[in-house]
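S.K.: sequence isn't available, so here's the structure alone:
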């Protein structure tokens with residue numbers, strides 16, 4: 001959950017043996033994540049009693065891109081599929 005920064009998300013290599021990129025989310029306690037159907041975006045929930053944001057991280061062949069967010073209900077806890 002943390003390391004590149006206090007609110008970092010890591011990208012691992014295909015063999016899961018090393019970190020290839022990190023990105024800091026705008027909001028604290030990144031918790032659960034999922035990818036869109038084509039692997040162009042990752043959606044990350046944030047835990048906490050007052051948390052109400054989901055971060056959207058752009059993905060690319062060379063690592064993470066920009067980070068945006070959307071406001072959702074209080075304390076989002078998991079994502080299954082984003083279309």
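M.R.: Structure received. Quantities reported herein were computed from a predicted structural model and do not represent experimental measurements. Residues are numbered from 1 along each chain as shown.

S.K.: so which residue is smack in the middle of the chain?
M.R.: Nearest to the geometric centre of the chain sits residue 44, at 3.6 Å (CA atoms, centre = their mean).

S.K.: now do it against residue 15, distance only.
M.R.: From residue 44 over to residue 15 the distance is 23 Å, taken as CB to CB, to the nearest Å. Bear in mind the C-beta positions are built from the backbone N, C-alpha and C, glycine included.

S.K.: list the helices and strands the helix or strand hosting residue 44 packs on?
M.R.: Per DSSP states H and E, residue 44 falls inside strand 41-46. Applying 3 or more CB pairs under 8 Å, 6 or more residues apart in numbering; DSSP states H and E, we find strand 41-46 packed against strand 30-35, strand 53-60.

S.K.: pick out the shakiest of the ones you listed, pLDDT-wise.
M.R.: The minimum mean pLDDT among these belongs to strand 30-35 (a mean of 85).

S.K.: residues near residue 31, how many?
M.R.: Counted with other CB atoms under 10 Å, the neighbours of residue 31 add up to 17.

S.K.: just to check, it is in contact with residue 47?
M.R.: Yes - between residue 31 and residue 47 there is a contact at 4.3 Å, judged by CB atoms under 8 Å.

S.K.: hey, what's in contact with both of these two?
M.R.: Residues touching both residue 31 and residue 47 by CB atoms under 8 Å, 6 or more residues apart in numbering: residue 77.

S.K.: give me the distance between stretch 62-73 and the centre of its chain.
M.R.: With CA atoms, centre = their mean, to the nearest Å as the basis, stretch 62-73 stands 7 Å off its chain's centre.

S.K.: which residues does it contact?
M.R.: 9, 11, 20-27, 52-59.

S.K.: cool, and stretch 14-21?
M.R.: 10, 11, 12, 13, 63, 64.

S.K.: check the separation of the first and last residues in it.
M.R.: One end of stretch 14-21 to the other measures 12 Å (CA to CA, to the nearest Å).

S.K.: for stretch 44-64, same thing?
M.R.: End-to-end distance for stretch 44-64: 13 Å, by CA to CA.
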